[in-house]
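> what would the 3D arrangement of this be:
(4 chains)
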Protein chains: 2
Amino acid sequence: MEQKNTANEMPDLEVLFELADLFKVFGDSTRIRIMFTISDNEMSVLNIAESLNMEQSTISHQLRVLRQNKLVRVRRDGKQIYYSLDDDHVKKIIEMGLDHVLE
Amino acid sequence: MEQKNTANEMPDLEVLFELADLFKVFGDSTRIRIMFTISDNEMSVLNIAESLNMEQSTISHQLRVLRQNKLVRVRRDGKQIYYSLDDDHVKKIIEMGLDHVLE
DNA sequence: TGAACATATGAAAATATGTTCATATGTTAC
DNA sequence: GTAACATATGAACATATTTTCATATGTTCA
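Numbering: from 1, shown residues only, chains lettered A, B, ... in the order given. Prediction:
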């Protein structure tokens, strides 16, 4: 029988850095809250800010981080810009984490 | 039909902080590398350090973080202390992240 | 075009984080 | 007990990160 190799082989260093960078994005409560806020429906920046009772600027800065890491989708409609989670992938990562936290 | 509720309901603030803290642990390349290093077999602190070509102290500090977050198991055998990943849960979180990074 | 509104961004300040060095603690074997 | 080895830890330093403030950019509508 072949040896099972369940993603245990160490990936390239570069990939590991990317991986750490990805988790770093999830490692901030403001960004986590934003992600939950827009996980059901897209939302404008101001709406997110109001919803979390935080400054527009703070949200905008963090949305940029999410954007740069391709974790959110962006859609402009007139003056507002609507953000939503990029894909179910993102939700799954969060759910995995939640499982661990809640267990 | 009832409304589907796919973990989208915002958990308590406290839980969100814990969640962010958990991901924060994954958000450092040294810790990620340690986790990969011990994902197959348990390893002593010095072995991990040598394997990653880093200082014993650095590894020890980071292992503490992993310990505090219950991501590793610890076993003492004589002078050495052996670390291994706590459960498959941890691997799954990493794999989820890898999927996103590699896609 | 200009006023009003929504979002983005640069710089500064406050805080958090990671690594190193020196050293303490714990274990074994003599 | 003491020497030798393995690991842990505190303090200091360097770096990174988050938030705020002020302001720039982009859009709509009159």
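
> from here on, just use CA atoms for contacts and neighbour counts.
OK.

> report the rounded mean pLDDT for stretch A:34-53.
The average pLDDT within stretch A:34-53 is 97.

> close to chain B, is it?
Yes. Using C-alpha under 8 Å from any C-alpha of the partner chain, stretch A:34-53 comes into contact with chain B via A:36-37, A:39-40.

> show me what from chain A comes close to DNA strand D.
A:24-25, A:27-30, A:54-55, A:57-58, A:61-62, A:77-79 (C-alpha under 7 Å from any atom of the strand).

> hmm, back to that, can I get the residues of stretch A:34-53 next to chain B in a markdown table including neighbour count?
Output for these, formatted as a markdown table (neighbours: other C-alpha atoms under 10 Å in any protein chain shown):
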| residue | neighbour count |
| --- | --- |
| A:F36 | 21 |
| A:T37 | 23 |
| A:S39 | 24 |
| A:D40 | 15 |
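
> so which helix or strand takes in the residue lying closest to A:M10 once chain neighbours are set aside?
Excluding the flanking residues, the one nearest A:M10 by C-alpha to C-alpha, 6 or more residues apart in numbering or on different chains is B:F36, at 6.0 Å. Per DSSP states H and E, B:F36 falls inside helix B:29-37.

> A:I34 and A:L46, how far apart?
Per C-alpha to C-alpha, to the nearest Å, A:I34 is found 12 Å from A:L46.
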